[in-house]
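Visitor: Sequence and predicted structure, then a few things I'm wondering about:
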Amino acid sequence: MRGIAGLMNELFNANPEVSFEQAHAAAQAQGYNLKLGTYRVNKSNWKKLQNVKEQVAVEVETSEDFVFEGDVEEELKQFFVPPVIDSTHVINQELETLFDALNKASQKKPQNVRLNGPAGCGKTTTAMEFAARFGRPMLVMDCANVREPRDWFGHKDYDPKSGTITWKKSLFYRMVQHTGAVIVLDEVNRINPMVLNTLLPLLDDRRRTYLEEAKSTIKVGEGVVFFATTNEGREYTGTVGLDLAQADRLSTLIEVSYLPEKQEADLLHQRTDLSLDQCTKLCQVANQVRRKAASDGADSFSRAISTRMLLNAAEKMVLGGYSTLRYTLLSHYSAEGGEQSERGQLLKLLVGKFGSVIQ
């Protein structure tokens, strides 16, 4: 379902000059109460998206970076098109200002940013929003899958026909040298520190490294911005702390957390079309669990309910009703201990908001 953001996008596509009054009437006909602020934000985002599309069209037509050898050409092209602006993503004024500063600073030299916060709170999508707003190509590297230093850059490939061994460049190898690219090192503290150290020359003032196997120097492209996401805390097994040399290079630190209750409920409502009242109840339950997860009390929870989990729960509620909560939220928590277990406690919270229908 499209939500109010999708409706607004359709209205602006049909008529870029649609007035607030016209948009309000159209939204009301679909069961939405459109506010002036929401209208202005969606109109601004729609205009930015049109600018991005125009820039991409020009770049696709003229840039040599879109031409690659062999049969991977079409597969690679998709990664050099900037992501689309998400009008539902919440960016406050302070972060807007930082985004502008990062974009300007990157015109002088590449930038490094660290996004730290709990799982499922929007770290990767925040980096994606930066790329979208400034029309930048973006690559997300799943760091947990990088096992060896050379995995960043490619692999050796044997051609049985010619009997030769060639070096196949990775997408990271290509993208890190692409002007204005955004590189997301996702969950960077789940990687072996020695493997991460391979990137240190690319993250410091050198901005280049020599790759022996490829017999070439890799130089970070002009305007490139690195975002590294990290989860820190006792509940995140398999993570390692960044050492001083690594953390020092990621010197711009954005602490990402869950949205305030009203904004989070609005987000669920816009993305899933679940009623705002039900979204608010979901967020109220989530916030109670989060507070207990952060405490050391006898009734504490082992993990919080993330925004990602809430979006999934809201989506399934729209399609299958309250009973789906048993599988989207309850099943994530232990039932050991009966009524006093984490699952038992969460069930009580959900029943208090939605009734016995989920029992």
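Guide: Arrived safely, thanks for sending. Numbering: from 1, shown residues only.

Visitor: Let me see the domain layout of this structure.
Guide: As given by automatic domain parsing, the domain ranges for the chain are 1-60, 63-255, 261-358.

Visitor: Save those as a markdown table, and put in mean pLDDT too.
Guide: Written out in a markdown table, the entries for the domains of the chain read as follows (pLDDT from 0 to 100):
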| stretch | mean pLDDT |
| --- | --- |
| domain 1-60 | 75 |
| domain 63-255 | 82 |
| domain 261-358 | 91 |
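
Visitor: Make JSON lines from those and add mean neighbour count to it.
Guide: Heads up, the C-betas are built off the backbone N, CA and C, glycines and all. Rendered in JSON lines, the data for the domains of the chain read as follows (neighbours: other CB atoms under 10 Å):
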{"stretch": "domain 1-60", "mean neighbour count": "15"}
{"stretch": "domain 63-255", "mean neighbour count": "16"}
{"stretch": "domain 261-358", "mean neighbour count": "17"}
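
Visitor: roughly how far apart are Gln177 and Ala105?
Guide: Distance check for Gln177 against Ala105: by CB to CB, to the nearest Å, it reads 19 Å.

Visitor: And Asn42, by the same measure?
Guide: Taken as CB to CB, the spacing of Asn42 relative to Ala105 amounts to 29 Å.

Visitor: before we move on, what about Ala181?
Guide: 15 Å.

Visitor: As a check, name the ranges of all helices in the stretch 1-150 of the chain.
Guide: Using DSSP state H, counting those that start in this stretch, the helices of the stretch 1-150 of the chain run over 3-14, 20-29, 36-62, 73-77, 93-106, 123-133.

Visitor: Could you export those as TSV, including distance to Gln288?
Guide: What follows is the helices of the stretch 1-150 of the chain, written out as TSV (distance: least, CB to CB, whole Å):
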stretch	distance to Gln288
helix 3-14	26
helix 20-29	32
helix 36-62	28
helix 73-77	46
helix 93-106	27
helix 123-133	23
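
Visitor: Among those, which comes closest to Ser216?
Guide: Across the helices of the stretch 1-150 of the chain, the minimum distance to Ser216, taken as CB to CB, is reached by helix 73-77, at 18.2 Å.

Visitor: got the contact list for Phe227?
Guide: Listed by CB atoms under 8 Å, 6 or more residues apart in numbering, the contact partners of Phe227 are Val113, Arg114, Leu115, Thr126, Ala127, Phe130, Val182, Ile183, Val184, Leu185.

Visitor: Surely it is in a helix?
Guide: No: counting by DSSP: H, G, I helix; E, B strand; the rest coil, one finds Phe227 to be strand, located in no helix.

Visitor: now it, which residues is it bridged with?
Guide: Val113, Val184 (DSSP bridges).

Visitor: Roughly how far does it sit from Glu148?
Guide: For Phe227, the distance to Glu148 (CB to CB) stands at 23 Å.

Visitor: Name all residues that make contact with the nearest residue to Gly180 once chain neighbours are set aside.
Guide: Take Gly180 and drop its neighbours on the chain: the residue closest to it by CB to CB, 6 or more residues apart in numbering is Gly223, 4.2 Å away. Under the criterion of CB under 8 Å, 6+ apart, the contact list for Gly223 reads Ser106, Gln107, Pro110, Thr179, Gly180, Ala181.

Visitor: what do you get for Val140?
Guide: If you count contacts by CB under 8 Å, 6+ apart, Val140 has them with Thr124, Ala127, Met128, Val184, Asp186.

Visitor: Equivalent analysis for Tyr210, please.
Guide: The contact partners of Tyr210, by CB under 8 Å, 6+ apart, come to Ser216, Thr217, Ile218.

Visitor: again, only this time at 10 Å
Guide: Contacts of Tyr210 were listed using CB atoms under 10 Å, 6 or more residues apart in numbering, and they are Pro201, Ser216, Thr217, Ile218.

Visitor: quick revisit: which members of the contacts of Gly223 define the maximum pairwise distance?
Guide: Of all pairs drawn from these, the greatest distance, 13.6 Å, lies between Gln107 and Ala181 (CB to CB).

Visitor: ok so, going back, make TSV from the contacts of Val140 and add distance to Thr252 to it.
Guide: Below are the contacts of Val140 laid out as TSV (distance: CB to CB, whole Å):
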residue	distance to Thr252
Thr124	16
Ala127	12
Met128	17
Val184	14
Asp186	17
